[in-house]
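# Predicted model, plus sequence, below.
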Number of protein chains: 2
Amino acid sequence: MSAIRGARERARVEITAAIKEEASRQLGAHGPAGLSLRAVARELGMASSALYRYFPSRDDLLTALIIDAYDAVGAAAEEALAAVDRRQPAAEPVDRWVAVCRAARDWAVGHPHEYALIYGSPVPGYSAPQDTVAPASRVGLALVSVARDAHTAGVLGEPTGRPLAGPVRADAGRLAAELAPELPIRVIAALVAAWAQVFGIVSFEVFGQFNRVVEARGEFFDQAAVALAAQVGLPTGGEDSRGTPIPEGAAAEEAAGPVVAGGVLPAK
Amino acid sequence: MSAIRGARERARVEITAAIKEEASRQLGAHGPAGLSLRAVARELGMASSALYRYFPSRDDLLTALIIDAYDAVGAAAEEALAAVDRRQPAAEPVDRWVAVCRAARDWAVGHPHEYALIYGSPVPGYSAPQDTVAPASRVGLALVSVARDAHTAGVLGEPTGRPLAGPVRADAGRLAAELAPELPIRVIAALVAAWAQVFGIVSFEVFGQFNRVVEARGEFFDQAAVALAAQVGLPTGGEDSRGTPIPEGAAAEEAAGPVVAGGVLPAK
DNA sequence: AAAATTGGAGAGCGGTGCTCTTGCTTTTGG
DNA sequence: CCAAAAGCAAGAGCACCGCTCTCCAATTTT
């Protein structure tokens, strides 16, 4: 969209990118607290004050990195979904679900500092500017799309759990209208809960809460992801809680089979 | 245990407590990043260098606050369990479960900065010294004890989900030997997952991920907590048999939406 | 009472985010 | 084509930070 307006403009985007790159490098090396504008400037061979031409404050730099991180994990999730469809055109919903969860988790363990930036404590003063909400939704939307596709395919069962309390139903209804009007309200509520719970497990792993508790983190995560899929109503091929009808009999051989069918990567 | 050994010793514990108190106050006001040794010292009317007689570094002060926070949320959970038993001597397991979850959640909502300290991103360089693991386990142990009591009462059902993968089974077996040998291994695994998932939902609420997504946070949390209880194998009264509402909704008036750290600047 | 330990205060070091002023270069427009 | 405008880099400087070191007073111990 932007033609080469001039050397100046081109230099600007290049330098901006270089700053973000170096900042991201420092963030990976010393953590969010160790991100220093002066150090970035030093590494780039420019005066610290010159940096303020590109980012009006340290928090703005951090916000840029936050958006990039949201986009990175969102892209990873979307790409994983596309990859499983490419590899296996009629993949089971649960496999698509697990692929998305796995992608988020793998990105998180591969980029712990970036992950901490977006799913850890809000770092600066910082009250999530509007620019972050779209990138932040991408993983959630990928999960929603898995459920939506299962629904259109007619294989989406009843989510587990009790009937919704009134206010929760209202929230879920509002969300449904926004992003998937065809899905049952209870599925929407279950999706939101599952979304949070997936990241709960990821956070515990990345933030060290599983130290000396869970060693087989990959398998543990997959197990939980499958359980969450069932909670949402995706057919998991296993005996399910409370006799949820399993729409079609495709998966008879999974009874003793691998926990995760079809091509989801093992731990590492 | 320590008799009054002298004015000096008594002054030491008093000053130590005062430092932690003021530090906690500042943490609540300006967030973890805004905790400044100099400011604490200033507020206490002493030289900043004198503070180092009590805490050898800022990180040590933070560690002390972290331990206090773990103890506080752990105590809240244990106290909630005791309270529900006191109020209702033969409480349903699911009610005891939800009480523990609720206590953790309510504490987190009421102390967002302390919560961020312990369940957010690991703040400094910081590699969780051994002193923190015991306090950090208290909430988890409360959840285990609910399951254990249900088991001894003979009302613990099968946890939902597929059979465990081998490595997960190994982890769960080791944990079972440590803290509840009588519980089925699958229950242990489900407990660990539920533990992480509870805090996933709490973190999403406290860290603002639910902004503009979930408004009825209390009800939503209760719903998820019940679902997790079922996942562990606690009887939840069936899917629709009894419309027993959720125990209590106590803290519904946590108006402040952005729980985020004290605004350094109002953005712009 | 003397000696040893402990706590407090100040100065100072190197670092930080950020602002302001001063020049220089590129872009713009008549 | 050249002057005005706008954008950019650099330096100095402010207020703050964590932390160390030295010096001195008060307390404990011997």
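Cool, the structure landed. Numbers count the residues shown, from 1 in each chain, chains lettered A, B, ... in the order given.

# Could you report the neighbour count for whichever residue of chain A sits closest to DNA strand D?
Closest residue of chain A to DNA strand D, CB to the nearest atom of the strand: residue A:49 (2.9 Å). C-beta: built from backbone N, CA, C; applies to glycine. If you count neighbours by other CB atoms under 10 Å in any protein chain shown, residue A:49 ends up with 10.

# Likewise for residue A:58?
Residues near residue A:58, counting by other CB under 10 Å, number 18.

# what about residue A:56, how many residues close to it?
Neighbourhood size, residue A:56 [other CB under 10 Å]: 11.

# all helices for chain A, in order.
Counting by DSSP state H, one finds helices in chain A at the ranges A:7-30, A:37-44, A:58-87, A:93-110, A:112-119, A:133-136, A:138-152, A:166-179, A:185-206, A:217-232.

# In contact with the residue nearest in space to the middle of chain A: list those residues for me.
Centroid check for chain A by CA atoms, centre = their mean gives residue A:139 as the closest residue, at 3.8 Å. Residue A:139 makes contacts with A:73-74, A:77, A:100, A:104, A:195, as judged by CB atoms under 8 Å, 6 or more residues apart in numbering or on different chains.

# Can you select the buried ones among these for me in PyMOL?
With 16 or more other CB atoms under 10 Å in any protein chain shown as the criterion, this PyMOL line picks the buried residues out of the contacts of residue A:139:
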select buried, chain A and resi 73+74+77+100+104+195
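
# ok, the residue lying closest to the residue nearest to the centre of chain A once chain neighbours are set aside - contacts?
Leaving aside its sequence neighbours, residue A:139 sits nearest to residue A:77 (CB to CB, 6 or more residues apart in numbering or on different chains; 4.6 Å). Going by CB under 8 Å, 6+ apart, residue A:77 touches A:100, A:103-104, A:107, A:138-139, A:142.

# do the same with residue A:169
The neighbourhood of residue A:169, defined by CB under 8 Å, 6+ apart, consists of A:185, A:189.

# possible to save the helices of chain A as JSON lines with mean pLDDT?
Output for the helices of chain A, formatted as JSON lines (pLDDT from 0 to 100):
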{"stretch": "helix A:7-30", "mean pLDDT": "91"}
{"stretch": "helix A:37-44", "mean pLDDT": "96"}
{"stretch": "helix A:58-87", "mean pLDDT": "96"}
{"stretch": "helix A:93-110", "mean pLDDT": "97"}
{"stretch": "helix A:112-119", "mean pLDDT": "94"}
{"stretch": "helix A:133-136", "mean pLDDT": "92"}
{"stretch": "helix A:138-152", "mean pLDDT": "97"}
{"stretch": "helix A:166-179", "mean pLDDT": "95"}
{"stretch": "helix A:185-206", "mean pLDDT": "97"}
{"stretch": "helix A:217-232", "mean pLDDT": "96"}
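
# Turn those into JSON lines, columns for distance to DNA strand C.
Formatted as JSON lines, those follow (distance: least, CB to the nearest atom of the strand, whole Å):
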{"stretch": "helix A:7-30", "distance to DNA strand C": "4"}
{"stretch": "helix A:37-44", "distance to DNA strand C": "4"}
{"stretch": "helix A:58-87", "distance to DNA strand C": "3"}
{"stretch": "helix A:93-110", "distance to DNA strand C": "25"}
{"stretch": "helix A:112-119", "distance to DNA strand C": "15"}
{"stretch": "helix A:133-136", "distance to DNA strand C": "23"}
{"stretch": "helix A:138-152", "distance to DNA strand C": "28"}
{"stretch": "helix A:166-179", "distance to DNA strand C": "35"}
{"stretch": "helix A:185-206", "distance to DNA strand C": "24"}
{"stretch": "helix A:217-232", "distance to DNA strand C": "33"}
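
# Return the residues of chain A in contact with DNA strand D.
Within reach of DNA strand D by CB under 7 Å from any atom of the strand, chain A has these residues: A:8, A:11-12, A:15, A:45-50, A:53-54.

# what's the most distant pair in these?
A:8 and A:48 (21.4 Å; CB to CB).

# neighbour count winner among these two?
residue A:48 (13 against 7).

# Tell me if I'm right that the more buried one and residue A:19 touch.
No. Using CB atoms under 8 Å, residue A:48 makes no contact with residue A:19, being 11.5 Å away.

# ok, now which ones touch the residue nearest to residue A:18 when sequence neighbours are not counted?
Closest residue to residue A:18 apart from its sequence neighbours, by CB to CB, 6+ apart: residue A:44 at 6.1 Å. Contacts for residue A:44 (CB under 8 Å, 6+ apart) come out as A:15, A:18-19, A:22.

# mind checking how far whatever residue of chain A ends up closest to chain B is from residue A:167?
Of all residues in chain A, residue A:200 sits closest to chain B, at 1.5 Å by CB to the nearest CB. From residue A:200 across to residue A:167, the span is 22 Å (CB to CB, to the nearest Å).

# Which of these two has more residues huddled nearby?
The residue with more neighbours, out of residue A:200 and residue A:167, is residue A:200; 26 against 17, by other CB under 10 Å.

# Surely the more buried one touches residue B:192?
No. The pair residue A:200 / residue B:192 is not scored as a contact, 11.5 Å apart, by CB under 8 Å.

# I'd like to know how many residues surround the closest residue to residue A:133 other than its chain neighbours.
Among residues not flanking residue A:133 along the chain, residue B:212 sits closest, at 7.3 Å (CB to CB, 6+ apart). Neighbourhood size, residue B:212 [other CB under 10 Å]: 13.
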